[in-house]
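Asker: here is my input; please provide its structure:
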Amino acid sequence: MTRRSIHRSTAPGPSEIVVLRRFAEGNSIDELTGLLHRAYSGHAAEGRVFFASYQSVQDTTNRLRAGECWLAVRGNELVGTVTVAAPYEAPVGYPAPAGSGSFWQLAVDPSQRGTGLGQRLLSLAEERIAARGSTQVVIDTSAQAADLVGWYGRRGYVPIGTWQWDVTNYESVVLLKDLSAA
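Answerer: Sure, this is the predicted structure:
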């Protein structure tokens, strides 16, 4: 199956099943914004102010409209998210190859860290970007977040440049993954 609309974990018991599905009318933007704040609060506590750690509900709405938002839901609880776009409309000067896809707001609730949910969301993002016709993914994260840069590196992402967003307090490292090589 090349396009997944629902992913299920292999964890035993119905209370442990995490379903990945598209954001839909009636889903709470307030709840999604709260998840983003929780997921990125550790970075903010370490002095790296990711936009997702403080963005408003309106900012979340705007970011959702720029892509295809997916939610990870366990029962009635929102536990993760990612938003994808392909092709990605990068700002002028951003070091992204033409036609590449991207994702943002990849977030896992702190209670779900270490469960593999982040990897599932990353895999989903890459699958959706490929399904939308892009063979490359470009993303960025804080150059100071060695843990994240390493995590992406172990998954095939390589640095291709840097970028400074006006909504963060750090320089970002821009990372690229060639999906055709995978």
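Asker: can you name the next helix or strand after the longest helix along the chain?
Answerer: Using DSSP state H, we find that the single longest helix of the chain is helix 29-45. Downstream of helix 29-45, the first helix or strand assigned by DSSP states H and E is helix 57-65.
Asker: you'd agree residue 155 is in a strand?
Answerer: No: counting by DSSP: H, G, I helix; E, B strand; the rest coil, residue 155 falls outside a strand, being coil.
Asker: got a list of what it touches?
Answerer: The contact partners of residue 155, taken as CB atoms under 8 Å, 6 or more residues apart in numbering, are 119, 122, 177. C-beta here means a position set from N, CA and C on the backbone, and glycine is covered the same way.
Asker: swap in 7 Å and give it another go.
Answerer: Shown in contact with residue 155 (CB atoms under 7 Å, 6 or more residues apart in numbering): residue 122.
Asker: go on, residue 27?
Answerer: The neighbours of residue 27, taking CB under 7 Å, 6+ apart as the test, are residue 71.
Asker: quick one: secondary structure of it?
Answerer: Following three-state DSSP, residue 27 is assigned to coil.
Asker: got a list of contacts for the longest helix of the chain?
Answerer: 50, 52-53, 55, 57, 60-61, 78, 81, 105, 107-110, 145.
Asker: quick check: mean pLDDT of it?
Answerer: When pLDDT is averaged along helix 29-45, the result is 95.
Asker: and it, how far out from the chain middle?
Answerer: Centroid displacement of helix 29-45 relative to its chain, using CA atoms, centre = their mean, to the nearest Å, is 13 Å.
Asker: so which bits of it are buried?
Answerer: 29, 32, 33, 35, 36, 37, 38, 39, 40, 43 (16 or more other CB atoms under 10 Å).
Asker: ok, residue 70 to residue 84 distance?
Answerer: Going from residue 70 to residue 84 by CB to CB, to the nearest Å gives 7 Å.
Asker: and what of residue 113?
Answerer: 21 Å.
Asker: neighbour count winner among those two?
Answerer: The residue with more neighbours, out of residue 113 and residue 84, is residue 84; 26 against 12, by other CB atoms under 10 Å.
Asker: what sits up against the helix or strand hosting the more buried one?
Answerer: Assigned by DSSP H and E, residue 84 falls within strand 77-85. With contact meaning CB under 7 Å, 6+ apart, strand 77-85 is reached by 18, 31-32, 35, 63-64, 66-73, 101-109, 112, 117, 121, 124-125, 128-129.
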